[in-house]
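Peer 1: Take this sequence and fold it.
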Amino acid sequence: MAVEIRFTAASVAKVRFAISPLGETVLALRILLGRGGHAVHQPWVRQARSPLAVERELPLLRALIAGPLPSFLFPVPGERLPSIATELELLRATEEDFFQREYGAVLRVPTEEAPEPAAVLPRLAEALLRCYELVIAPHWGRMLAVLEADIGRRALTLVDGGVQALFGALHRDIAWDGGQLVVHGRRTPHSVYTVDTGGHGLVMLPSVFNWPNVGVDKSPVAAASIRYPAMGVGLLWEPSPPTLAGLAPVLGHTRTALLAALAEPLTTAALATRLGVTPSAVSQHLSALRGAGLVATQRNGRTALHLRTERATHLLGTTSP
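Peer 2: I've put the predicted structure just below:
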C-alpha cells in the first residue's frame, strides 16, 4: 500500500530535519526483540542483546513493539537534536484519547478497554531510558556522526535542486508528484493511505535502525514525519582501522576519536555532542592536541572551528578530505 503525504504551500515551507534518539531506541529494540532488522546491524546485535536480557519491562516492550508500532512511541521532535530526556517527556505527555486509540489498535483490544496512560507511560518511559543507556548511548557518538552527515548532504541537495530534488534523492520508494509525496509503490484508487500535513509541515528523520526501509507516521498529531535510511549506515559497525585502534592506547580513546572526527571543521559543542562528552572535556583535549600540533583552531567572534592538521592526518594513516 502506498502512503500519500499531501502538502499545502504553507506546509512545504515548514519541511525540516531532526534526529530522534528515542525513535532510534524503539527501532533498535524492535531488532533486538527479533522483529526485522538488516544483516548490516548484526555486529551491534551481538553486543547489545545480552545487556537487554536483564530489562524487567521486556513483556511490556514486546507487547508494544511486536507488531505495528504505535505512533505515541515516536513523538515528533520540536528541535533538530533533542535529548532523550526531552523526547521521553513528550512520550509521558501523550494525550489520553490518542494513547488509548493507538494502544487498542496495536494490542487488538477495544479502545474503551485500553489502560489509562498513567498506568503505562511512566513505566514505558523509564524502561526506554534504561534501554537507551544500555544499547544506544555507548554507540551514540558514531550514530550521531552518521545522522548529522546525512542531514548535511541532504541540505546541499535542497540548495542545489530544491524540494523536488531533496525528496527524489531520499529513497527509491519515495517520489514527489505534483505537490504530494508518495511513499511505497504505485498509487491506485484502492491502495492509498493519505496523510495530510495540514499546514504543520513535514519532519524528516534520518535513521540508523530503520535502515534500509522508509517509515511514515500515519497518525500524526501535528507535523507529519518520515524516517528514511541514513547514508553511511553500512560502515557504521565496521571495526576501527588498525591505525586508530593502535593510537587509542597512546593518545586515549577520546583524543583519537576527536582527531578522527576533525576531518571536517567542527565547533566544540558539535564535538561534544558527537562524542557524548562535556564541552569542557573537549576543550581540555583540544588544548593538548593543539599543543602537539595535531589540531588547528580558527576563531570568528564567539565561534571557534577546529580541524586536524596534516600531521594528524598522516598520524591517522588517512588522506586529507
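Peer 1: which other residues reach stretch 133-140?
Peer 2: 21, 24-25, 28-29, 32, 44, 48, 51-52, 55, 143, 276 (C-beta atoms under 8 Å, 6 or more residues apart in numbering). Yep, even glycine has a C-beta here, placed from its N, CA and C like the rest.
Peer 1: Residue 295 and residue 278, how far apart?
Peer 2: The gap separating residue 295 from residue 278 is 18 Å, by C-beta to C-beta, to the nearest Å.
Peer 1: For the two, indicate the residue with more neighbours.
Peer 2: Ranked by neighbour count (other C-beta atoms under 10 Å), residue 295 and residue 278 place residue 295 first, with 22 against 10.
Peer 1: from memory the more buried one sits against residue 304, does it?
Peer 2: No: contact status for residue 295 versus residue 304: not in contact, 10.9 Å apart, counting by C-beta atoms under 8 Å.
Peer 1: Now residue 93: phi and psi?
Peer 2: phi -90, psi 10 (degrees, to the nearest 10).
Peer 1: pLDDT value on it, please?
Peer 2: With respect to pLDDT, residue 93 has a value of 96.
Peer 1: For burial, what's the neighbour tally of it?
Peer 2: Count around residue 93 with other C-beta under 10 Å applied: 11.
Peer 1: Same check on the one 3 residues further on?
Peer 2: Using other C-beta under 10 Å, residue 96 is surrounded by 11 other residues.
Peer 1: Ok, residue 294 next?
Peer 2: For residue 294, the count of nearby residues is 22 (other C-beta under 10 Å).
Peer 1: what's the distance between it and residue 306?
Peer 2: From residue 294 to residue 306 the distance is 10 Å (C-beta to C-beta).
Peer 1: do the same with residue 132
Peer 2: Distance from residue 132 to residue 306, by C-beta to C-beta: 28 Å.
Peer 1: Kindly report the same for residue 51.
Peer 2: Residue 51 sits 34 Å away from residue 306, going by C-beta to C-beta.
Peer 1: the more surrounded of those two?
Peer 2: residue 306 (23 against 15).
Peer 1: Hmm, the more buried one is touching residue 286, no?
Peer 2: Yes: between residue 306 and residue 286 there is a contact under C-beta under 8 Å: 5.9 Å.
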